[in-house]
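In: for reference, the sequence and a predicted model appear below.
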Amino acid sequence: MNKSSDYGSMKYPETPINLSANKLKPEYGSDVMADIISDMGFKHIFVLPGSSYRGLHDSLINHRRNQNPEMIMCNHESIVVAMAHGYAKASENTAACVIHDLVGLMCSSVSVFDAWVDRVPVLIFGGSGPQDPSRRRPIDWTHTASMQCDLVKPFTKWSMDPVTLQSAIDTMLQANKIAKSKPQAPTYVSLDLGLQEDPLPENLIIPDASSNRYQAPAPISANIEAIEEAASMLIAAENPLIVGGRFGRETQTSEILIKLVEISGSNYVEDRAVVCMPTFHPQNLNGDLKIRETADVILAIDCVDTATAAGAHNKDLRGRPGQKIIEMTLENLITSSWSNAGGPQAAVDLQIDCDPTYGMKQLISAIENQLSNNSVVTKIIENRKVSIGKRHKILRQEQKEKWNDTWDAEPISTGRLTSELYEAVKDKNWVLPVRNHRSFPEGLWNFSKSGQYLGADGGGGVGYGPAAAVGAALAYREQGKLPVAIMGDGDFQMGSGAIWTAVHYKIPVLIAINNNNSWGNDEFHQRNIAKKRSRPVENAWIGQRMAEPATDYAAMVRSYGGWAEGPISNPSDLSRAFKEAVKQLEEGNVAVVDVRTML
């Protein structure tokens, strides 16, 4: 065996050998497919090996030389798509991945759904076929379907099973453009094995995939009359509220949003699992449980579910007396009759369909024009901002004091975990790609701008956390940022294989496991239903606890080659452990700290 091919001599980056110098002329269908993927600008492509795309796999290595894109191998299809999901959010660009035919697509479907609900541009390629029955091996009959894309069609923005090489090329370009055009979402293209492996046909048209002819369109602007009406409504309001949504993962958002919140004198809160505004901006009232009820005008911008964003439930779904809702979104341009993601239809008084960022700029301009000669209203707005600022200070102090009684508790409180981790990274160029959804304590982590937290998984698919954190960390490695993630033990256990990928490809990431040894969300639900039925809540743990034996997550991480410490039960040990983890992160390592927390 050639010594450089010996597994014991494997090195990163993984560079092909014994290839002829500078030979990039395509010979097979998959060579052209690989060239298209490269020309579309993908630096990486997330994969799990599968025989249904063996031609494309060969072309990415022996034709493209594993460069632009570089293959990032994972060990489960759900991890493949979730890693691309995290990378897309962190890079603020489309991510690409390849998965095996039917069974691979089935395994990845939860992650595809997550990306769909999260409105993230992931271009998914899947091996398929061969559609020609004479070319099928026995296993291919089991793994071939007439329309493979039907498996994920309900929760992708667009999907296709092209039947010729020319249509495959055109479909790849179309899928990429559709995925990254707002509203963004995943697209899926199957690539027939026969088309991959056949020599190039005559008269094949190979377009320049890098040209501007195949790029996403410019942002969609708002109807100017609607913008003028929205400006008038905010200016005339006594207690306006702005709710910021999923565009908080974009780095450009906060600067524009802050200007809108300030010029309109509005209260501000975040939608679920996002961060758009600085935590300590004086008009940020996130965590205030009353402001949604008392606001007379609510502007919901890029929110997943406007009814929930406005605090409307059950009887309030048709609107509260005296309260008006303005919705600025592109959600109405993306439809699915299969999924109910997005919640019920909110009672909206003014609908503005546009790119949220572009629409905010238009709205700011309209407010400026309407206030230009109105010193009386300008003074009212300034006074309102002072009042909101006072409410903000009280709120943040209450949020901090909430954790006083459990600060030294064992198991450790989520407030203490979050505070200690923030203290360890606060002076670094940190970013938080993943954090717990329900248990993240508001007001203890100081976010200074948008783009510092990438939001939740979207569809609630457990196992997203590790893969998304590693995918995001790959993008942040190129940006010089330090990725720090907090996730539950169940989430980590279901997706822990992503740690191998991080170690193998030298992708530094720090993960703190919020380990309550339970499927805590569901244990919470069991307690509630037991109370409603007057049954003993003491039994809520049965079928929920992951104990006896408790998983040794630190040993698991070390087996993958990462650095780990834990389980940590004493809160006084957190500071030291997190400082060492940050040191490991800065040295380019994967670091995981297992923290035993209370339910």
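Out: Cool, the structure landed. Residues are numbered from 1 along each chain as shown.

In: run through who's touching the lowest-mean-pLDDT helix or strand in the chain.
Out: Here the helix or strand of the chain ranked lowest by mean pLDDT, DSSP states H and E is helix 138-142, holding a mean of 85. With CB atoms under 8 Å, 6 or more residues apart in numbering as the contact definition, helix 138-142 has outside contacts at 51, 102, 129-130, 193. Placement of C-beta: from N, CA and C, glycine included.

In: most neighbours, which of those?
Out: Among the contacts of helix 138-142, the one with the most neighbours (other CB atoms under 10 Å) is residue 193, at 29 neighbours.

In: any idea how far that residue lies from residue 148?
Out: 12 Å (CB to CB, to the nearest Å).

In: remind me, longest helix of the protein?
Out: When the chain is parsed with DSSP state H, its longest helix is helix 375-401.

In: quick one: buried residues of that one?
Out: Residues of helix 375-401 classed as buried by neighbour count (16 or more other CB atoms under 10 Å): 381, 384-385, 388, 391-392, 395-396, 399.

In: other SSEs contacting that helix?
Out: helix 253-264, helix 356-371 (3 or more CB pairs under 8 Å, 6 or more residues apart in numbering; DSSP states H and E).

In: may I have the shortest one as PDB, with CA atoms only?
Out: Backbone C-alpha positions of helix 253-264 (Å, rounded to 0.1, in the frame of the first residue of the first chain) are rendered in PDB as follows:
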ATOM      1  CA  THR A 253     -30.000  44.200  11.400                       C
ATOM      2  CA  SER A 254     -29.300  45.900  14.700                       C
ATOM      3  CA  GLU A 255     -28.000  49.200  13.300                       C
ATOM      4  CA  ILE A 256     -31.100  49.700  11.200                       C
ATOM      5  CA  LEU A 257     -33.500  48.400  13.900                       C
ATOM      6  CA  ILE A 258     -32.000  50.600  16.600                       C
ATOM      7  CA  LYS A 259     -32.600  53.700  14.500                       C
ATOM      8  CA  LEU A 260     -36.200  52.600  13.900                       C
ATOM      9  CA  VAL A 261     -36.900  51.900  17.500                       C
ATOM     10  CA  GLU A 262     -35.400  55.200  18.600                       C
ATOM     11  CA  ILE A 263     -36.900  57.500  16.000                       C
ATOM     12  CA  SER A 264     -40.400  56.100  16.700                       C
END
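
In: just the C-alphas of the very next helix or strand once past it, formatted as PDB.
Out: On the C-terminal side of helix 253-264, the closest following helix or strand by DSSP states H and E is strand 267-270. The C-alpha coordinates for strand 267-270 follow below in PDB (Å, rounded to 0.1, in the frame of the first residue of the first chain):
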ATOM      1  CA  ASN A 267     -40.900  49.800  23.200                       C
ATOM      2  CA  TYR A 268     -39.000  46.800  21.900                       C
ATOM      3  CA  VAL A 269     -39.100  43.000  22.500                       C
ATOM      4  CA  GLU A 270     -37.700  40.000  20.700                       C
END
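
In: got a list of what the residue lying closest to residue 468 once chain neighbours are set aside touches?
Out: Among residues not flanking residue 468 along the chain, residue 86 sits closest, at 3.3 Å (CB to CB, 6 or more residues apart in numbering). Contact analysis of residue 86 by CB under 8 Å, 6+ apart lists 433-434, 454, 467-473, 475.

In: can you redo the residues you listed as TSV with neighbour count?
Out: Below are those laid out as TSV (neighbours: other CB atoms under 10 Å):
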residue	neighbour count
433	30
434	27
454	32
467	34
468	38
469	34
470	35
471	38
472	29
473	30
475	25
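
In: ok so, going back, with the contacts of helix 138-142 in mind, which one is nearest to residue 583?
Out: residue 51 (42.8 Å; CB to CB).

In: was I right to think that closest one contacts residue 128?
Out: No - Residue 51 is beyond contact range of residue 128, at 11.4 Å (criterion: CB atoms under 8 Å).

In: low-confidence ranges in this protein?
Out: Flagging of the chain using pLDDT under 70 yields the residue ranges 1-10, 22, 313-317.

In: one more pass at 80, please.
Out: Along the chain, segments meeting pLDDT under 80 span 1-12, 21-24, 312-319, 335-337, 438.

In: how's it carved up into domains?
Out: 3-214, 224-401, 404-596 (automatic domain parsing).
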